[in-house]
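> sequence first, then the predicted structure, then my questions.
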Amino acid sequence: MIGKLDQIIARSLRKLAEDTHVRSWCAKEHDWVNYFAHRYLLGECSPRGPLKEAGQIGLDVAVPQPPGCGYDKQSVGRDLVIWPKCGDTCFDVNWKATKHPLAILEWKIHRPRYPNRRVEHERVWLRNYCKWQPSVVSYAVEINGRCSPTTLDCTRFLASTEDEDWLRLTLKAGHPVIRLQRTRQ
């Protein structure tokens with residue numbers, strides 16, 4: 001299932017990178033997440049795959065917090081989550097955050113003169129979550145509009161494995177540049 005999720009995410013991100021609309025787009029994080037989900041991820045729904053229907057996709061929804069990380073709340077909102085079943089949430093019948101998604105995508109956007117300083121904070125959180133829940137795959141997606149051409153970098157987290165630059169794409173005419181990098185454990 002993880003391999004199929006990887007293919008879905010990589011294919012959707014490649015399509016996003018090839019989209020002429022986003023090459024010079026002035027948009028914030030929620031804009032990118034919504035555009036990606038509605039324009040590309042929804043098209044990946046298939047009864048034969050892990051993403052069977054649109055109702056499995058959650059935007060800005062809660063997932064459980066990893067234990068021992070110093071967080072006060074039992075759950076935290078994530079940008080995009082893929083649930084095992086349509087309409088799933090992290091809450092059980094007692095309103096405890098106990099249920100986990102198949103995948104988490106956390107996005108950060110770097111705009112000219114406005115680097116996003118929360119990148120490492122989110123990466124630490126994704127590392128901790130994936131070590132705690134080794135069957136959940138997570139992706140840290142960064143759009144860097146501070147350089148020309150704009151780049152899209154994606155780091156993949158699974159268990160204690162971190163694949164930096166799992167996917168690196170350039171948002172410009174022609175085919176995106178793809179580079180696989182080292183794995184940090």
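Looks like it arrived, so ask away.
> distance from the longest strand seen in the chain to the middle of the chain?
In terms of residue count, the longest strand belonging to the chain (DSSP state E) is strand 161-170. When distances are taken as Cα atoms, centre = their mean, to the nearest Å, strand 161-170 is centred 12 Å away from the chain's centroid.
> report the strands that pair with that strand, each with its relative direction.
strand 151-158 (antiparallel), strand 183-184 (antiparallel) (DSSP bridges).
> out of the ones you listed, which gets the lowest mean score?
Ranked by mean pLDDT, those bottom out at strand 183-184, with a mean of 46.
> ok, which stretches of this structure are helices?
Assigned helices in the chain, in chain order: 2-18, 29-36, 119-132 (criterion: DSSP state H).
> out of those, nearest to residue 167?
Nearest of the helices of the chain to residue 167, taken as Cβ to Cβ: helix 2-18 at 5.7 Å. Backbone N, C-alpha and C define where each C-beta goes, glycine included.
> rewinding a little: CA atoms only for the longest strand of the chain, dumped as PDB, please.
The C-alpha coordinates for strand 161-170 follow below in PDB (Å, rounded to 0.1, in the frame of the first residue of the first chain):
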ATOM      1  CA  THR A 161      13.600   6.500   7.500                       C
ATOM      2  CA  GLU A 162      13.800  10.000   6.000                       C
ATOM      3  CA  ASP A 163      14.400  10.400   2.200                       C
ATOM      4  CA  GLU A 164      15.500  14.000   1.700                       C
ATOM      5  CA  ASP A 165      14.600  15.300  -1.700                       C
ATOM      6  CA  TRP A 166      12.600  12.200  -2.400                       C
ATOM      7  CA  LEU A 167      11.200  14.200  -5.200                       C
ATOM      8  CA  ARG A 168      12.700  17.500  -6.600                       C
ATOM      9  CA  LEU A 169      10.800  19.300  -9.300                       C
ATOM     10  CA  THR A 170      11.300  22.500 -11.200                       C
END
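> for it, give the mean pLDDT please.
On average, the pLDDT along strand 161-170 is 90.
> give the buried residues for that strand.
For strand 161-170, the neighbour count (16 or more other Cβ atoms under 10 Å) marks 162-164, 166-170 as buried.
> if we can go back for a sec, including mean neighbour count and distance to residue 96, could the helices of the chain go into JSON lines?
Shown next, in JSON lines, are the helices of the chain (neighbours: other Cβ atoms under 10 Å; distance: least, Cβ to Cβ, whole Å):
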{"stretch": "helix 2-18", "mean neighbour count": "18", "distance to residue 96": "26"}
{"stretch": "helix 29-36", "mean neighbour count": "18", "distance to residue 96": "27"}
{"stretch": "helix 119-132", "mean neighbour count": "17", "distance to residue 96": "16"}
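> who wins for proximity to residue 141 among these?
Closest to residue 141 of the helices of the chain is helix 2-18 (Cβ to Cβ; 7.1 Å).
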